[in-house]
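A.B. asks: Dropping a prediction and its sequence here:
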Amino acid sequence: MKELRYTLLCDGVSDQALLPVLRWLLIQHLPEYAFAGRWFDPRLVPDRQRPRGLAERMRFCMNDFPCELMFVHRDAEREPREIRIAEIHRARAEVRELENFPVICVVPVRMQEAWLLFDEVAIRQAAGNPNGRMTLQLPRLRTVESLPDPKENLYALLREAKSLNRRRQRGEHISHDAQRVAEFIEDFSPLRVLPAFQALETEIVDIINSQGW
């Protein structure tokens with residue numbers, strides 16, 4: 001079986017939740033491959049060695065995390081998705097080592113938590129209360145890209161799923177639970193209704209074809 005190594009260049013530690021999403025997409029289009037995925041968060045590098053700016057982070061990632069495919073994540077946040085894409089392309093153009101190297105932009109709208117708001121079972125499992133009976137009001141999937149703060153929406157759902165009172169909720173590590181939601185999702189195909197996810201999948205297919213994988 002062929003093997004493909006890929007690295008996700010993160011914006012922050014929570015971005016590792018995107019790895020199951022990327023792995024699922026790759027399996028859909030390269031089922032005959034085995035995958036080895038890693039993530040790199042520049043904030044974990046000691047301050048004196050930490051790369052500054054997106055181009056330097058991409059160069060550092062390329063040199064220290066050898067792979068055949070690089071994913072670069074930036075949340076769109078309050079900017080149009082196209083601006084984040086352009087930022088990644090400009091940074092890549094500054095890195096000679098990345099010339100002709102496959103780099104894929106991962107830019108959820110507004111932030112990556114929006115892609116985790118559709119699976120009630122996964123949210124309950126990540127909350128550690130899979131049999132909970134508290135009703136969870138998930139947003140309509142087609143609307144998640146317009147939510148002002150998807151992260152807070154996910155955190156609120158996890159708190160509800162835990163069925164804890166407000167005083168006990170303060171002691172819970174909700175951010176850790178949020179990172180685990182994607183691990184419990186087996187099928188990300190519902191996200192194909194979202195333009196940003198569609199664009200990511202299209203770019204993956206284009207890279208696969210151009211690389212002859």
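C.D. replies: Happy to help now that I have it. Not measured: the values here are computed from a predicted model.
A.B. asks: Enumerate every residue touching the closest residue to residue 127 other than its chain neighbours.
C.D. replies: Of all residues not flanking residue 127 in the chain, residue 161 sits nearest, at 3.7 Å (CB to CB, 6 or more residues apart in numbering). All C-beta atoms are positioned from the backbone trio N, CA, C, and that covers glycine. For residue 161, the contact set (CB atoms under 8 Å, 6 or more residues apart in numbering) comprises 123, 124, 126, 127, 129, 132, 134, 136.
A.B. asks: Show me which of the residues you listed are buried.
C.D. replies: 123, 124, 126, 127, 129 (16 or more other CB atoms under 10 Å).
A.B. asks: Point me to the helix or strand that includes the second one.
C.D. replies: What it means is residue 124. Here residue 124 sits within helix 120-126, counting by DSSP states H and E.
A.B. asks: Counting by contacts, list what that helix packs against.
C.D. replies: Judged by 3 or more CB pairs under 8 Å, 6 or more residues apart in numbering; DSSP states H and E, helix 120-126 is in contact with helix 150-162, helix 174-180.
A.B. asks: so who does the residue positioned nearest the centre of the chain touch?
C.D. replies: Central residue of the chain (CA atoms, centre = their mean): residue 18, 2.6 Å from the mean position. By CB under 8 Å, 6+ apart, the contact set of residue 18 is 8, 39, 71, 73, 106, 112, 115, 182.
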